[in-house]
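Chemist: Provided below are the primary sequence and the corresponding predicted coordinates.
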Amino acid sequence: MKLMHLADLHLGKRVNGFSMMEDQEYILNRILEIMEEEQPDGLLIAGDVYDKTIPPAEAVRLMDDFLTAVAAKHVPVFLISGNHDSAERVAFGHQLMQGSGIWISPVYDGTIEHHTLEDRWGEVNIYLIPFLRPSVVRSFFPDAEIGDYTDALGTILEGLQLDTSQRNVVLAHQFVTAAGAQPETCDSEQLSVGGLDRVDGSVFSPFDYTALGHLHGPQRVGSETIRYAGSPLKYSFSELHQKKSVTVAELREKGETEIRQIPLQPRREMIELRGTFEEILAEARKKGEPQTDYYHMILTDETDVVDALSRLREFYPNIMLLDYDNRRTRSQKEVEQLDRVEERTPGELFAALYEQQNGQEMQPDQKEYLDGLIREIWEEQV
């Protein structure tokens, strides 16, 4: 059973004011070519199909064209909504689409759909879990103790009553982590401060393959079979060194799963150039023609160059960002005194502020109230 795993298409996305539609159409066509070469038995799309809950019309048309092309290859599609999607809009027409082999997770109603494929080793059950917050899960399981995202996903998975003698695959769109490992994240992802939305990857251990979406860098989460496919394109300069790919999972007999990654080459790369204005300009003149990749220019001139951006765009039309790195800009940057702020929870940050202002630590009942309030606020965010 060969399954291709995609996620985080973010169709309709704009990066630093630039529409990515042409690049997205290009990369989806490349994925169709890979499908022709690989002949998969199924395509898994693990959420964030669109970049906005109300996507632009051209993004919807692009997805329509892509799914139509996949259906023409008679490859079943299994698709879930992510945190950027509107579950209702993504699921529109899903019952009709099933006739074309396109299976989309419906709006969560307390149950999880699963579909079954067969090969010479027997059945493969594919479970579709759209992006969920604990508050949503709690409303369907009022008697369960659901304090965080791990509890919520654990409660859902316990209710599936998996037949572990068969091969089982799950699609999910969450911030999944493994004990003792720091996942690779980037600026274009929507994560909570302090990791309040973390899900312990151990909840997925009963599955033969876990197809994740949410993080844009392709990576495994503890186990080789719990994986993020990553986004097919770079959506920020923090992804500069990521190698984008399509993930292929081949499930043979129970317990035997082989994972491969097929590289994706974009229409335009993201490139960072550093140097003085004259150095960068001289390099462009050597090349003799406009460079159409996406650029982040970092000028090291000690004084600002008049009209630098428009002058450079004669040679680099797709400059997304232009910054200066010199004595002046470095002196203007405030030195962050807090130790690894992004790894501290909101509760820890507030407790540090409280202690600084009041000269004493928060009491246990104050901390308990604060933690509950933070969870409630985060869960209600769109």
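Modeler: That came through, no problem. Numbers count the residues shown, from 1 in each chain.

Chemist: Can you give me the distance of the residue nearest to Met1 when sequence neighbours are not counted to His241?
Modeler: Using Cβ to Cβ, 6 or more residues apart in numbering and skipping the chain neighbours, the partner closest in space to Met1 is Leu251 (4.4 Å). From N, CA and C alone the C-beta is placed, and that goes for glycine too. Using Cβ to Cβ, to the nearest Å, we find Leu251 at a distance of 31 Å from His241.

Chemist: Compare these two (neighbour count), which wins?
Modeler: Each of Leu251 and His241 has its neighbours counted (other Cβ atoms under 10 Å); Leu251 has more, 23 against 9.

Chemist: For the more buried one, give its distance to Trp121.
Modeler: In terms of Cβ to Cβ, Leu251 sits 8 Å off from Trp121.

Chemist: Identify the contacts common to the two.
Modeler: 1, 167 (Cβ atoms under 8 Å, 6 or more residues apart in numbering).

Chemist: Mind listing residues that contact stretch 278-298?
Modeler: Contacts for stretch 278-298 (Cβ under 8 Å, 6+ apart): 15, 18, 237, 268-275, 299, 311-312, 314-325.

Chemist: Average pLDDT for the helix or strand harbouring Thr116, rounded please.
Modeler: Using DSSP states H and E, Thr116 sits within strand 113-119. Averaging pLDDT along strand 113-119 yields 94.

Chemist: Can you list the strands that that strand pairs with?
Modeler: strand 122-128 (antiparallel) (DSSP bridges).

Chemist: Pull the residues that contact the partner strand.
Modeler: For strand 122-128, using Cβ under 8 Å, 6+ apart, the contacting residues are 1, 42, 44, 78-80, 103-105, 112-118, 160, 162-163, 166-171, 207-208, 251.

Chemist: gap between that strand and the chain center?
Modeler: 23 Å (Cα atoms, centre = their mean, to the nearest Å).

Chemist: again with stretch 67-82
Modeler: Worked out by Cα atoms, centre = their mean, stretch 67-82 lies 19 Å from the chain centre.

Chemist: swap in stretch 127-147?
Modeler: Using Cα atoms, centre = their mean, the offset of stretch 127-147 from its chain centre is 21 Å.

Chemist: picking that back up, which among the contacts of strand 122-128 count as buried?
Modeler: 1, 42, 44, 78-80, 103-105, 112-115, 117, 160, 167-171, 207-208, 251 (16 or more other Cβ atoms under 10 Å).

Chemist: Count residues in the vicinity of the closest residue to Pro134 other than its chain neighbours, would you?
Modeler: What sits nearest to Pro134 in space, not counting adjacent residues and going by Cβ to Cβ, 6+ apart, is Ala152, at 4.2 Å. A count of nearby residues for Ala152, using other Cβ under 10 Å, gives 24.

Chemist: surely Ala152 meets Ser139?
Modeler: No - counting by Cβ atoms under 8 Å, Ala152 stays clear of Ser139, with 10.8 Å between them.

Chemist: Could you report the neighbour count for Lys291?
Modeler: Actually, residue 291 is Gln rather than Lys. Neighbour tally, Gln291, other Cβ under 10 Å: 18.

Chemist: what separates it from Glu158, distance-wise?
Modeler: 54 Å.

Chemist: Could you do Val60 as well?
Modeler: 36 Å.

Chemist: So between those two, which is more surrounded?
Modeler: For the pair Val60 and Glu158, the greater number of neighbours falls to Val60 (16 against 13), based on other Cβ under 10 Å.

Chemist: Quick one: mean pLDDT for the helix or strand that one falls within?
Modeler: For Val60, the element it lies in under DSSP H and E is helix 57-72. On average, the pLDDT along helix 57-72 is 96.

Chemist: in it, what counts as buried?
Modeler: Buried residues in helix 57-72 (16+ other Cβ under 10 Å): 59-60, 62-63, 66-67, 70-71.

Chemist: Can you tell me which of those is nearest Leu349?
Modeler: Ala59 (36.3 Å; Cβ to Cβ).

Chemist: Hmm, that closest one is touching Ser19, no?
Modeler: No - taking Cβ under 8 Å as the definition, Ala59 is not a contact partner of Ser19, at 9.9 Å.

Chemist: Now His296: which helix or strand?
Modeler: With DSSP H and E as criterion, His296 is part of strand 294-299.

Chemist: what are the C-alpha coordinates of that strand, in PDB please?
Modeler: These are the backbone C-alpha positions of strand 294-299, laid out as PDB (Å, rounded to 0.1, in the frame of the first residue of the first chain):
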ATOM      1  CA  TYR A 294      12.400  35.700  -4.200                       C
ATOM      2  CA  TYR A 295      15.100  37.700  -2.300                       C
ATOM      3  CA  HIS A 296      15.800  39.000   1.100                       C
ATOM      4  CA  MET A 297      18.500  41.700   0.700                       C
ATOM      5  CA  ILE A 298      20.600  42.600   3.700                       C
ATOM      6  CA  LEU A 299      22.600  45.700   3.000                       C
END
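
Chemist: In which helix or strand does Arg220 reside?
Modeler: Going by DSSP H and E, Arg220 is in strand 219-221.

Chemist: what's the following helix or strand after that strand?
Modeler: According to DSSP H and E, the helix or strand after strand 219-221 is strand 223-228.

Chemist: which other helices and strands contact that following strand?
Modeler: strand 209-213, strand 219-221, strand 245-251, strand 257-263 (3 or more Cβ pairs under 8 Å, 6 or more residues apart in numbering; DSSP states H and E).

Chemist: quick one: strands adjacent to that strand?
Modeler: Assessed with DSSP bridges, strand 223-228 is paired to strand 209-213 (parallel), strand 219-221 (antiparallel).
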